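need the 3D shape of this:
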Amino acid sequence: VPKPHGENGRPGRGGYALKDVLGWDKDEYKKVQVRFYTQGCAYWNSERTNFRISSKILLKRNLSLETKFPKLRNYQDNWATDEFIKSALKYRQTRTKIH
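Reported below is the predicted structural model:
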């Protein structure tokens, strides 16, 4: 499945909402999302931005998460996995700033 045009999290401004584009049921999406948040946030330093993460780290993490959730392999160039990772990092950074 190719990546849609625009940016995740900006459905009203030329982007898209990941949960809508994937078309998964609510429980399945939430299960994957929680796993990314817990596994991703435990793995990465919250000070890093998603643009500073090396491609080797992303590839290693993608392979690990795609093993757990094989459905993610259906998305061209790992775009869905990358979007889950970016969302998890953004969430972690936001939570760190609040506390």
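
which stretches of this structure have low pLDDT?
40-60, 62, 95-99 (pLDDT under 70).

for Arg92, see how far away the closest residue to Lys71 other than its chain neighbours is.
Among residues not flanking Lys71 along the chain, Trp24 sits closest, at 7.7 Å (Cβ to Cβ, 6 or more residues apart in numbering). All C-beta spots, glycine's among them, are computed from the backbone N, C-alpha and C. Plainly put, Trp24 is 22 Å away from Arg92 if you go by Cβ to Cβ, to the nearest Å.

and the residue nearest to Lys71, which of the three is it?
The three-state assignment at Trp24 reads coil, by DSSP: H, G, I helix; E, B strand; the rest coil.

so Gly15 sits against Lys3, correct?
No - assessed by Cβ atoms under 8 Å, Gly15 is found out of contact with Lys3, at 11.4 Å.

quick one, which of Trp24 and Arg92 is more surrounded?
Between Trp24 and Arg92, counted using other Cβ atoms under 10 Å, the more crowded position is Arg92 (19 against 16).

where's the more buried one relative to Phe36, distance?
Distance of Arg92 to Phe36, computed by Cβ to Cβ: 10 Å.

now do Lys90
11 Å.

Tyr16 now?
18 Å.

between those two, which is the more surrounded one?
For Tyr16 versus Phe36, neighbours defined as other Cβ under 10 Å are more numerous around Phe36 (23 against 18).
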